[in-house]
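A structural model of the following input is requested.
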Amino acid sequence: MAAELLDKTWMWHPTFSEERTDSAGLLVHFRRSLTIENDPPKSLHLSVTADTRYKFFVNKHLLSFGPVKGDQNLWFYDTVDIGPYLKCGENHIRVVVLRFFYATTYAPSFPRLPSGGLRIESKDQNVLLGKQLESSTLWETAVDPSTVFRVDEPEDDFLHIYERVSRTECHVLKWVPARLLEYQSSTGIAPPWHLSPRIIPTMRLKRTEFCNIHNISSKISKEKWAAKLVNSSHSPKSMTGLCLPARTSHKIQLEVEHHMTCFIRFRFRRPQTSGSTMMITYAECYEEEPTRAPYLRNKKYRCDDTKNLYGPKDIYEFEGMTTSETLGYYEDEDIDEMFVPFHFRTFRFLQLEIDVGSSDLILQDLTIDMANYPLDIHADLQLSFEDDTSSQLWNTSIRTLHNCMHDCYEDCPFYEQLQYAMDTRSSALFTYYVSGDDRLARQAIIQIHNSFQARLSLTASRSPSHTSQIIPHFSLFWICMLCDHMWFFGDKVFVSQFLSVVDAVLHYFQSRVDFELGLVVSDFQPGIWNFVDWTEQWRPYGIPPTVEKSGISTYTNNLYAYTLMNACQLLDSLGRSSQAEDYKLRATNIVNAIRRHCFDGRFFTDSLSSIADTSLDYSQHNQVWSVLSGAATVIQAHEILLKSLDSSENNCFVKTSLSMSFYTLRALTKAGGTIYDQLFHKFWEPWRSQLMLGLTTWEEDNVSQRSDCHAWGSAPIYEYMAEVAGIRPAKPGWASLEFSPRFNLYREFEATIPMKLVGGEITGYSHVSWIHMSNGSVEINLRVEIMAKKVIPVYVKLASQPLRSMKSTDDFCFVVKTPKSIECKIW
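Just a heads-up that it's a prediction; the model follows:
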């Protein structure tokens, strides 16, 4: 019999318990001291990971925080170079781990496995110093009972990151040797964490400042508060501490320039006595009292400081002067008392309420560091000088997208921080067009793939997550996301590994096709949510009422057919034409069945047209998706889109939310003709209304108004690059490109569109510009810049002209003289 091998690379607190019911988790501290007698190595690499989250310090320098969210299928570790931070003499290595309890539904945004753990391993196997820092019983560890991760916060159903900190004498840390965890690592059995190096770059931190102060209730003047906390070009922040006298109360509201995600640190001179308290409220805007927190809000002008700030809260009770040992994470812990929330916070406004105890409090500083995925913007857009609103659409869209990118794509950073397949599909496309970067998208594709459940033949709607959720439609959006990646990056090896799950998901829908109707029948078994969209008429679960009655969803069938056709294109690119033909036949059959059973002669109904109530069962969704699936003919497409999207008449169509805006625009594109140009500027009225309401990022939807930041509203990014500039890959991986600009939409236009990012470098750019001349002609310029100096075909389609095939090495200048005459110059 084979000898049993044990993995002992993980360590943990020997008596850690997850039985507390007042907290979602606990902090566990680890420490190790090391004396270096000679010059320290210039480089020393350690791999670090933990379940659930960690922060890693060397000599009071924060070197790493993580890991990237993972799950039982893929658990990430970070490689940290501690060499530059070591010194001759005594060195102090500290790690704090946030462990969310496993056997709870709290913190679904943070997956974890049944056991907590910290793993440190030397990556430089020949360096003795590194081996000394690996997981072992020489590390000391202590559970911190003073920090509670609040489960009583009405504004937080998903994160449970908000803290109540109360440090008293009874909470003196008890340090004990760490215990090594032993897991069999042989005969097909391995530790529960399937380890992988991180596949995305580390988050980027950028120091920022508060820009304004509101609604002060304090004995300290507004000028003194502002001098301490607000940085302006006229008056830099004061470096002198701000004294808050004993037995006084203070309430102030602070504003940052725009909605952001930040690590935050409060630093006070350590007071003589305990008893002071501080409560911090994080808010996206000023608003009326919510109808139902956190889901139904009453928001109007977001900066109306006559209203109130509502949001989750941190509560901190000051420890005061103490004889207990400091943790050693930050400088001057013996004389300064600091509150540093473990996880980043999301806000635009912050309310600070301080009740000072029996001794003065001196505020030293309040620092905020924006934290985001390091998105490098390689795209550029310059519009007509007089068109300021369109520039705001572009900039606000990028800001919104960036705020929803951390260690995964997020549906909303304020409430959930979960990676949903539908949301991520559009966010990834927006990312491709502004940066050419696919690293976060690749990770998302892998993580959602890994959530596949064979018993259902579906992926989870969101991944990674501690709580699985199934929305069948979202499995189809994941397939579309995979198809998009192939089209933009052409990575056949990467994409091919997911094809078995693609086929399984499509089989799920095909297996539910009714023999007589030829349509997919919706699955209403427990644990399945057939969500479509957030609309007022489809409350509370976002499903058309007629679908729940009949079991037939026109939307489901349209989305299935649309996905089949995308999968056809994917398989053709991979040389799998036989399977592609099978998918095409399935799509044709579904489309024909939609035409027979879900079209009433005027419009597509939400379910079977034979049972439709035309006052209730028409939606913009099914006109849009019937165009996208091909169920609507060209003539029908124009008519149903114009009538359903016409807001001037009192029509009976259920309106799409912002989540569907990207797909509505794709339907306008597919319809052809002039309908896209005709509706383009009017389409953005809801976005312009948001700007007028003072938003700096796009709201989640205008029905519940839950969150003020959701990346599915960043559709302007795609439209300006792919449609207005007209630059799209014509073959996978930008092996050729298509140029079809909509030059009638702007008098002057200039844009730079990146191609794919490979090895951290952009492989090429397209530079597009045009100007309408005084003689009525339009001069259009295109310059394609390929970094590898290779030549690719460029297919040019202009204003009802035949397709032209050219080469990327040429600079093109097209002069449109009349609608039917185009002059082309090539240099």
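
And the contacts of stretch 658-673?
Applying Cβ atoms under 8 Å, 6 or more residues apart in numbering, the contact partners of stretch 658-673 are 422-423, 426, 429, 533-534, 620-621, 623-625, 627-628, 634, 637-638, 641, 645, 656, 675-676, 679, 683, 686, 698-702, 710, 712-713, 715, 718-719, 723. From N, CA and C alone the C-beta is placed, and that goes for glycine too.

among the residues you listed, which ones are buried?
Buried positions within the contacts of stretch 658-673, assessed by neighbour count (16 or more other Cβ atoms under 10 Å), are 422-423, 426, 429, 533-534, 620-621, 623-625, 627-628, 637-638, 641, 645, 656, 675-676, 679, 683, 686, 698-701, 710, 712-713, 715, 718-719, 723.

Not counting its neighbours along the chain, what's nearest residue 377?
Leaving aside its sequence neighbours, residue 377 sits nearest to residue 434 (Cβ to Cβ, 6 or more residues apart in numbering; 5.4 Å).

Surely residue 574 and residue 495 touch.
Yes. Using Cβ atoms under 8 Å, residue 574 is in contact with residue 495, at 7.1 Å.

Looking at the two, which one has more neighbours?
Of the pair residue 574 and residue 495, residue 495 is the one with more neighbours under other Cβ atoms under 10 Å, namely 20 against 16.

buried stuff in the host helix or strand of residue 580?
Using DSSP states H and E, residue 580 sits within helix 577-597. By neighbour count on 16+ other Cβ under 10 Å, the buried set for helix 577-597 is 579-580, 582-584, 586-587, 589-591, 593-595, 597.

Now do the residue lying closest to residue 219 once chain neighbours are set aside against residue 238, distance only.
In space, and not counting its chain neighbours, residue 219 is closest to residue 248: 5.5 Å by Cβ to Cβ, 6+ apart. Separation of residue 248 from residue 238 (Cβ to Cβ, to the nearest Å): 19 Å.

So for residue 246, what pLDDT did the model give?
pLDDT for residue 246: 97.

was I right about it contacting residue 362?
No. Contact between residue 246 and residue 362 fails when scored by Cβ under 8 Å: they sit 11.3 Å apart.

For the stretch 201-350 of the chain, give me the ranges with low pLDDT.
233-236, 323 (pLDDT under 70).

try 90
Counting by pLDDT under 90, the stretch 201-350 of the chain has low-confidence residues at 231-239, 321-326.

where exactly do the strands run in it?
Ranges of strands within the stretch 201-350 of the chain are 204-208, 210-217, 242-244, 249-269, 277-283, 286-292, 296-298, 308-309, 313-317, 336-339, 345-355, based on DSSP state E, counting those that start in this stretch.

Any chance of JSON lines for the ones you listed, columns distance to residue 34 and mean neighbour count?
JSON lines is the format used below for the strands of the stretch 201-350 of the chain (distance: least, Cβ to Cβ, whole Å; neighbours: other Cβ atoms under 10 Å):
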{"stretch": "strand 204-208", "distance to residue 34": "27", "mean neighbour count": "13"}
{"stretch": "strand 210-217", "distance to residue 34": "39", "mean neighbour count": "16"}
{"stretch": "strand 242-244", "distance to residue 34": "39", "mean neighbour count": "18"}
{"stretch": "strand 249-269", "distance to residue 34": "27", "mean neighbour count": "20"}
{"stretch": "strand 277-283", "distance to residue 34": "36", "mean neighbour count": "20"}
{"stretch": "strand 286-292", "distance to residue 34": "51", "mean neighbour count": "15"}
{"stretch": "strand 296-298", "distance to residue 34": "52", "mean neighbour count": "15"}
{"stretch": "strand 308-309", "distance to residue 34": "46", "mean neighbour count": "18"}
{"stretch": "strand 313-317", "distance to residue 34": "32", "mean neighbour count": "20"}
{"stretch": "strand 336-339", "distance to residue 34": "25", "mean neighbour count": "20"}
{"stretch": "strand 345-355", "distance to residue 34": "33", "mean neighbour count": "22"}
